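J.: I would like the atomic coordinates for the input below:
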Amino acid sequence: MPAATINKHRVLTTLFTILKKHYGEPGRLPDRPVLEQMVYAVLRQGATRKAADKAFDRLRKSFFDWNEVRVSHQHEVEEALAGLADPAAAAQRVISLLQEVFESTFSFDLEGLNKKGMKQAAKQIGRYQAADDYTVAWVTQQSLGGHAIPVDAPVLRTARRLGLIEDERDLEAARASLEHQVPKAKGPQFVEYLSLLAKDYCWEEEPHCSACPMKGECLTGITDPRCQGRRPKPR
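T.: Residues are numbered from 1 along each chain as shown. Model (predicted):
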């Protein structure tokens, strides 16, 4: 087994052990219809589970049904999504997604996708312009019984810094690599832990490496002087 593979395996093993102690074991996400998983994925992308849960609950409580969300003004939906990093963009995507689904089915029932088989269902979800790679991977993981790792910018950044992926510019290759490394049963837990690491420590600018529970195993934390409170030597 190549040394790089052994190292990644050790990092993953340590990650699940340390972060379970640090954050606790994430509870199981509620079962939702396919359409609701798609909407939730839009809110979850770039956000923690806690933030996405609050936004999703407010969305459901603020509108009578999904059709009311579809025909509402963007600013009304945006108000319900306050707390997300970019509620305006999320509101626009949610409305666009609901509009696309309604125009294609004249309803909001997508449960028939479960009968098409995982690959065909994922392909159909991917045809919606408002559903990106993250949405497809999320629904595949949560509703279709497939092995997929939803990768957004925080997860991508954190996985790269940990040394689990080499290049964060190629999203498809990064997701394929993570899906090869992370067992299917631990996929949801992995996404949850990396989202929390990204929010609490692995910030895009000036990451808080010195306090990160993964600093002893993180490739960046070990090799980058800035992460150890040291200034790089002048050239």
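
J.: I'd say Ala121 and Asn114 touch.
T.: Yes. Using C-beta atoms under 8 Å, Ala121 is in contact with Asn114, at 6.8 Å. (C-beta placed from N, C-alpha, C; glycine too.)

J.: domain ranges for this protein?
T.: 3-27+150-223, 34-142 (automatic domain parsing).

J.: compare those domains and say which comes out lowest on pLDDT.
T.: Of all those, mean pLDDT reaches its minimum on domain 3-27+150-223 (a mean of 92).

J.: quick one: the helices in this protein?
T.: Applying DSSP state H to the chain gives helices spanning 3-23, 34-44, 49-62, 66-71, 74-80, 87-105, 118-126, 133-142, 153-162, 171-181, 187-200, 219-223.

J.: could those helices go into TSV alongside distance to His208 and mean neighbour count?
T.: Formatted as TSV, the helices of the chain follow (distance: least, C-beta to C-beta, whole Å; neighbours: other C-beta atoms under 10 Å):
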stretch	distance to His208	mean neighbour count
helix 3-23	14	14
helix 34-44	23	24
helix 49-62	19	17
helix 66-71	37	16
helix 74-80	30	17
helix 87-105	25	18
helix 118-126	36	17
helix 133-142	25	24
helix 153-162	12	22
helix 171-181	23	17
helix 187-200	8	21
helix 219-223	10	16
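
J.: can I get these in a markdown table including distance to Pro207?
T.: Converted to a markdown table, these look like this (distance: least, C-beta to C-beta, whole Å):
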| stretch | distance to Pro207 |
| --- | --- |
| helix 3-23 | 16 |
| helix 34-44 | 22 |
| helix 49-62 | 20 |
| helix 66-71 | 36 |
| helix 74-80 | 30 |
| helix 87-105 | 24 |
| helix 118-126 | 32 |
| helix 133-142 | 22 |
| helix 153-162 | 7 |
| helix 171-181 | 19 |
| helix 187-200 | 9 |
| helix 219-223 | 8 |
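
J.: closest one to Ala211 among those helices?
T.: helix 187-200 (8.4 Å; C-beta to C-beta).

J.: tell me the angle of that closest one relative to helix 49-62?
T.: 100 degrees (axes from the mean of the first three to the mean of the last three C-alpha atoms, to 10 degrees).

J.: now helix 187-200, how far from the centre of its chain.
T.: Relative to its chain's centre, helix 187-200 lies at 8 Å (C-alpha atoms, centre = their mean, to the nearest Å).

J.: use 464 as the first number for this chain going forward.
T.: That works, and once the first residue is 464, the last one we named lands at helix 650-663.

J.: rewinding a little: spell out which residues are contacts of both of Ala584 and Asn577.
T.: Leu607 (C-beta atoms under 8 Å, 6 or more residues apart in numbering).

J.: so who does Leu522 touch?
T.: So Leu522 contacts Val502, Leu506, Val532, Val540, Ala543, Leu544, Val557 (C-beta under 8 Å, 6+ apart).

J.: what about Phe527, distance to Phe653?
T.: The gap separating Phe527 from Phe653 is 36 Å, by C-beta to C-beta, to the nearest Å.

J.: my bad, should have said Ala639
T.: Ala639 is 15 Å from Phe653, by C-beta to C-beta.

J.: correct me if wrong: Asp630 contacts Ser640.
T.: No. Judged on C-beta under 8 Å, Asp630 makes no contact with Ser640 at a distance of 9.3 Å.

J.: can you report how many residues neighbour the closest residue to Asp615 other than its chain neighbours?
T.: Excluding its sequence neighbours, the residue lying closest to Asp615 (C-beta to C-beta, 6 or more residues apart in numbering) is Gln508, at 4.7 Å. By other C-beta atoms under 10 Å, the residues close to Gln508 number 25.
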